[in-house]
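> give me the fold of what follows.
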Amino acid sequence: MDQVQKGHPIIPCSNTSAASSGTNTASHLKPHHSSPSAMATAPSTSTAAREEWEGGVCVLTYEPLDVDAIMRSVRDDSAGATAVFVGTTRNSFKGKVVTRLEYQAYSKLAIQTITKIIRNAHDSVSQSAHHSAHHTVPCFICCAVHHRLGTVPVGEPSIVIAVSSSHRKEAFVACEQILEDVKEKAQIWKREYYEGEREEEAKWKANSC
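Reported below is the predicted structural model:
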């Protein structure tokens, strides 16, 4: 992975300076929902990337995910709740012993997709809260989505989603909505390695599987 861009520092969401890491597009790559399990090799544009704006950040990185740092990055004095989801590599799947997972992404599209997912969650949760109660501060304050690429050993996080909100309900709802949409829509693929199987038998498949 000599050509892979290394991870980015974690910057609080209150920092409004936007930055992103672009990638080359490849027309032969299919969208996430188009049977990525049929791919014989990993997507060729899988690189570290970042997109940041006021109130949100999404990161693709080959570095281990620092859950505490990500959670701290969404803290705000106006927040009464912070919801955090941590997805980790488990040691078994359908009776097989999992030794590790590997993630690759069509990074340019994945960053765009996750950005849109966060913004949509912000809008939908804010609108829902607006109809149910009057808030003196925005109910959805900040969100960070970090997804690890490359090899993720058993027990280590592959995705961390942190949402700060004025109330716990909105934080929980947004966190779950973002997770489901990322798994369904983001152009990220995974490959599972099992104990006792040859590495060449591992197949790429949708991250939602």
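
> hey, which helix is longest across this protein?
In the chain, assigned by DSSP state H, the helix with the most residues is helix 107-132.

> pLDDT of it, averaged?
Computed over helix 107-132, the mean pLDDT rounds to 83.

> from here on, call the first residue 410.
Right, with 410 as the first residue, what we last looked at is helix 516-541.

> which residues touch the residue nearest in space to the middle of the chain?
The centre of the chain sits closest to His556, judged by CA atoms, centre = their mean, with a distance of 3.9 Å. Listed by CB atoms under 8 Å, 6 or more residues apart in numbering, the contact partners of His556 are 467-470, 512, 514, 519, 523, 567-568, 591, 595, 597. C-betas here are computed from N, CA, C, even on glycine.

> any idea how far Gly465 is from Leu588?
Using CB to CB, to the nearest Å, Leu588 is found at 15 Å from Gly465.

> more crowded one of the two?
Gly465 (23 against 17; other CB atoms under 10 Å).

> residue ranges with poor pLDDT in the chain?
410-454, 535-547, 618 (pLDDT under 70).

> would you map the strands across the protein?
Residue ranges of the strands in the chain, as given by DSSP state E, are 458-462, 465-470, 490-497, 501-502, 505-514, 549-557, 559-562, 566-574, 597-603, 613-615.

> dump those to CSV, plus distance to Cys584.
CSV is the format used below for the strands of the chain (distance: least, CB to CB, whole Å):
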stretch, distance to Cys584
strand 458-462, 19
strand 465-470, 13
strand 490-497, 4
strand 501-502, 24
strand 505-514, 20
strand 549-557, 8
strand 559-562, 20
strand 566-574, 5
strand 597-603, 18
strand 613-615, 21
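
> which one, of these, ends up nearest to Arg528?
For the strands of the chain, proximity to Arg528 was assessed by CB to CB; strand 465-470 is nearest, at 7.1 Å.

> which elements pack onto the closest one?
Contact partners of strand 465-470 among helices and strands, from 3 or more CB pairs under 8 Å, 6 or more residues apart in numbering; DSSP states H and E: strand 458-462, helix 516-541, strand 549-557.

> which neighbouring elements make contact with the second one?
If you count contacts as 3+ CB pairs under 8 Å, 6+ apart, helix 516-541 packs onto strand 458-462, strand 465-470, strand 549-557, helix 577-594.

> distance to Ala615 added to those, as TSV?
Output for those, formatted as TSV (distance: least, CB to CB, whole Å):
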stretch	distance to Ala615
strand 458-462	20
strand 465-470	17
strand 549-557	14
helix 577-594	8
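
> out of these, which is closest to Val493?
Closest among these, using CB to CB: helix 577-594, at 7.4 Å.
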